[in-house]
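Participant: sequence first, predicted coordinates after that:
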Amino acid sequence: MRILIVDDSRAMRLIVARTLRLAGYDEHELVEATDGREALDVVADEPPDIVLCDWNMPRMSGLELLTALRTAGSRIPFGFVTSEASPQMRAAALQAGAMFLIAKPFTAEDFQDALDWVLA
Amino acid sequence: MPYIPSADDLEVITREVWSSFLDGDPAGLVAVGGDMPTDKITGCVHLTGAYTGSIMLQCSPPAARYAAAALFSIAAEDVTESEVVDAIGEIANMVGGNVKSMLPGPSALSLPSVVQGSLSVPGAQVMREVQLAWHAQPLFVSLWQQAS
């Protein structure tokens, strides 16, 4: 499977990739984007099987990306990986069509809980 | 009166970030103060809304390099300036996002900014601060509130 990691922090993209390996998802192809707008280009080029996306990013936020994808008819499984995990944020994420929200900092177990249904 | 996270809350959140991504040793962060050098690195995120203020993380340049080295899994002597900015910004973002979840909402969290030296927020006063040390280097986390 092809996993798109969207985060404006290169350190966080590395940590997400490392955590995916630790969670046992090391056979999947990883692609990266630095913000929502770049992610839209990646999706248009070759759609991933799942998107793991930060919330707060320059140019286009994760929520704006998700809204743009759903408006365009894309049903790609989409989850947030974000430092903001209040009940209001979780509700907004789910309402926009996200499958899950993983709070930073996270563990490999958090990834398994959220991703096993797609990747295992 | 809305709950304002305590200094202990700031410490717990910082320790969670450290134990998850920077240092698996819970004893790595020590709760002692120390002098913060003037050439410190400051990472900051701002909150606007029901709570308007800032969360700042300040540390010495060596601590910032160690943090970047840990996040990027490279040697401290190989860390570049842009990696320090990325790492300290992301740590400030993580700490800030978790602190935000404990504050009255709704409010919006800014993208992080990182500077060398102090970052002055006009009209803001410090509400909470925790002074820690990591690798014998000072690391302070503080919560600020804008005067209404």
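Facilitator: Received it, and whenever you're ready, just let me know what you need.

Participant: residues contacting residue 65?
Facilitator: I went with chain A, as the question did not name one. A:V6, A:G36, A:R37, A:A39, A:L40, A:V51, A:C53 (C-beta atoms under 8 Å, 6 or more residues apart in numbering or on different chains). Any C-beta I mention is one placed from the backbone N, CA and C, and that applies to glycine too.

Participant: meant chain B actually
Facilitator: Contacts of B:R65 by C-beta under 8 Å, 6+ apart are B:A76, B:V79, B:V84.

Participant: quick one on the thing from earlier: just flag the most distant two among the contacts of A:L65.
Facilitator: Spanning the widest gap among these are A:R37 and A:V51, at 13.7 Å by C-beta to C-beta.

Participant: my guess is B:A31 contacts B:P138, does it?
Facilitator: No - with contact defined as C-beta atoms under 8 Å, B:A31 does not count as touching B:P138 (11.8 Å).

Participant: any common contacting residues for these two?
Facilitator: In contact with both B:A31 and B:P138: B:Q131, B:L132, using C-beta under 8 Å, 6+ apart.

Participant: give me the phi and psi angles of B:L139.
Facilitator: Here is the backbone geometry of B:L139 (degrees, to the nearest 10): phi -150, psi 110.

Participant: what does the pLDDT read for the residue nearest the centre of chain B?
Facilitator: Residue closest to the mean C-alpha point of chain B, counted by C-alpha atoms, centre = their mean, is B:L57 at 2.4 Å. At B:L57, the pLDDT value in this model is 98.

Participant: which SS class is it?
Facilitator: Assigned by DSSP: H, G, I helix; E, B strand; the rest coil, the conformation of B:L57 is strand.

Participant: the contacts of B:R65 in helices, which ones?
Facilitator: B:V84 (DSSP state H).

Participant: ok so, going back, A:R37 and A:V51 - which one has more neighbours?
Facilitator: Taking other C-beta atoms under 10 Å in any protein chain shown, A:R37 and A:V51 do not tie; A:V51 has more neighbours (28 against 15).

Participant: that one is in contact with A:L4, isn't it?
Facilitator: Yes - A:V51 is in contact with A:L4 according to C-beta under 8 Å; the separation is 4.7 Å.

Participant: common neighbours of those two, please.
Facilitator: A:A39, A:V43.

Participant: that older thread, the residue nearest to the centre of chain B bridge partners, please.
Facilitator: Counting by DSSP bridges, B:L57 is bridged to B:G43, B:V141.

Participant: from B:V45, how far off is it?
Facilitator: Separation of B:L57 from B:V45 (C-beta to C-beta, to the nearest Å): 9 Å.

Participant: what's the overlap in contacts for the two?
Facilitator: B:A92.

Participant: so for stretch A:50-64, mean pLDDT?
Facilitator: The model assigns stretch A:50-64 a mean pLDDT of 97.

Participant: repeat that for stretch B:87-97.
Facilitator: Mean predicted confidence for stretch B:87-97 is 98.

Participant: the closest residue to B:E11 other than its chain neighbours: which element?
Facilitator: Nearest residue to B:E11 in three dimensions, chain neighbours excluded: B:V130, at 4.5 Å (C-beta to C-beta, 6 or more residues apart in numbering or on different chains). Using DSSP states H and E, B:V130 maps to strand B:124-134.

Participant: could you pull out the strands for chain B?
Facilitator: Listed in chain order, the strands of chain B (DSSP state E) span B:29-30, B:41-49, B:53-59, B:107-109, B:113-116, B:124-134, B:137-146.

Participant: show me what contacts the spatially most central residue of chain A?
Facilitator: Centroid-nearest residue in chain A: A:L52, 1.2 Å away (criterion: C-alpha atoms, centre = their mean). Applying C-beta under 8 Å, 6+ apart to A:L52 gives the contacts A:I3, A:L4, A:I5, A:V6, A:V16, A:G79, A:V81, A:I102.
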